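Peer 1: have a look; sequence and predicted model below, questions after that.
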Amino acid sequence: LKGEGGCCGGSADPINVEKKQLQGPKIGERIVHIQGMKCDNCRKQVEKQLNRLDGVAAEVNWEKGIAVLSLSREVSDNEIRQALAWTEYTITSIETEKE
């Protein structure tokens, strides 16, 4: 965690993530538990990937190892898992919260 690798911003380009707003009414939330995040750059990478999902606005807390997804449509666990499938992060569980 000395900033030498891409994870901690040492050799990789900085990741810019803008806060995503839902395009429709919020219908629920998912809480995604994620292993492997070690820094704010990790948070940005995970947030960027999850925000690519249509109908999802993600807020990630790397210290707690969670992402809170606000949803404007039904999103399957498989869609969420696929968003991070190619990354070094591991989803350990997904909780559903209905509005």
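Peer 2: Ah, there it is.
Peer 1: helix or strand with the lowest mean pLDDT in this protein?
Peer 2: Least confident helix or strand, the chain: strand 90-98 with a mean of 89, by mean pLDDT, DSSP states H and E.
Peer 1: let me see the ranges of the helices in this structure.
Peer 2: Under the criterion DSSP state H, the chain contains helices at 40-51, 77-84.
Peer 1: give me the angle between the longest one and helix 77-84.
Peer 2: Relative orientation of helix 40-51 with respect to helix 77-84: 130 degrees, computed using axes from the mean of the first three to the mean of the last three Cα atoms, to 10 degrees.
Peer 1: okay, the angle between helix 40-51 and strand 90-98?
Peer 2: Angle of helix 40-51 versus strand 90-98, following the same axes, to 10 degrees, is 50 degrees.
Peer 1: so the residue lying closest to Q35 once chain neighbours are set aside versus E18, what's the distance?
Peer 2: Nearest residue to Q35, sequence neighbours excluded (Cβ to Cβ, 6 or more residues apart in numbering): T90, at 4.5 Å. No exception for glycine: its C-beta is placed from N, CA and C like everyone else's. In this view, T90 and E18 are 26 Å apart by Cβ to Cβ, to the nearest Å.
Peer 1: number of residues surrounding C42?
Peer 2: 21 (other Cβ atoms under 10 Å).
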